[in-house]
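[1] I'll drop the sequence and a predicted model, then ask my questions.
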Amino acid sequence: MVAGAFPLAKLLTLGARQLSRPLASRIKAGARRSPFFRTYVCLPPAQLYHWVEMRAKMRLMGFHGAAVKPLNEEAAAELGAELLGEAIVFGVGGLCVYLEYARQAGQARRKDEEQAATLQDLQERIHILEEALE
């Protein structure tokens, strides 16, 4: 599983993250073309992101009661597609981190079980030797 000092799992994780980028680009292109996907998947998060960002900027500059105008549909679709693409890349990266964590935890659990079995075997041998001594 290990090639030199570089684990193969880490190489596969890096490969999966690199492959997620073209997948994200393809989904973004589909989101720009599909009216349903654009209207119900891309636009709402983009408008929410724009609203939160503008409210935060206005508060930092000292404007507390100003209304935020929504983005036009084209800009919102572009921003929504970008957010979707970044979410996909982030999700694949998070999944890779989780899978690596689960793999490491499994290895640690197996090692602990092996040590416990070895300890149990040694205790049984000591008990047998004590009985033979008596």
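    Received it, and whenever you're ready, just let me know what you need. Numbering: from 1, shown residues only.

[2] where's residue 75 relative to residue 121, distance?
    Computed as Cβ to Cβ, to the nearest Å, the residue 75 to residue 121 distance reads 69 Å. (C-beta placed from N, C-alpha, C; glycine too.)

[3] just residue 88 next, same as before
    Remark: distance between residue 88 and residue 121 (Cβ to Cβ) = 49 Å.

[4] Of these two, give the one with the bigger neighbour count.
    Neighbour count, other Cβ atoms under 10 Å: between residue 88 and residue 121, residue 88 has more, with 18 against 10.

[5] Now the helix or strand hosting residue 45: buried residues?
    For residue 45, the host element (DSSP states H and E) is helix 43-61. For helix 43-61, a neighbour-count test (16 or more other Cβ atoms under 10 Å) marks 43, 46-47, 49-50, 54 as buried.

[6] Out of those residues, which comes closest to residue 60?
    Set against residue 60, the nearest of the buried residues of helix 43-61 by Cβ to Cβ is residue 54 (10.7 Å).

[7] Name the nearest residue to the closest one, sequence neighbours excluded.
    Once flanking residues are discounted, residue 54 sits nearest to residue 68: 4.5 Å by Cβ to Cβ, 6 or more residues apart in numbering.

[8] For residue 29, see how far away that neighbour is.
    Residue 68 is 29 Å from residue 29, by Cβ to Cβ.

[9] Quick check: the two most widely separated of the buried residues of helix 43-61?
    43 and 54 (16.1 Å).

[10] related to what we said a few turns ago, and the residue nearest to residue 54, which of the three is it?
    Assigned with DSSP: H, G, I helix; E, B strand; the rest coil, residue 68 falls in the coil class.

[11] Strands of the protein, start to end?
    Listed in chain order, the strands of the chain (DSSP state E) span 2-3, 6-7.

[12] What distance do you get for the most centrally placed residue in the chain to residue 27?
    Nearest to the mean C-alpha position of the chain, counting by Cα atoms, centre = their mean, stands residue 94 at 1.2 Å. From residue 94 over to residue 27 the distance is 17 Å, taken as Cβ to Cβ.
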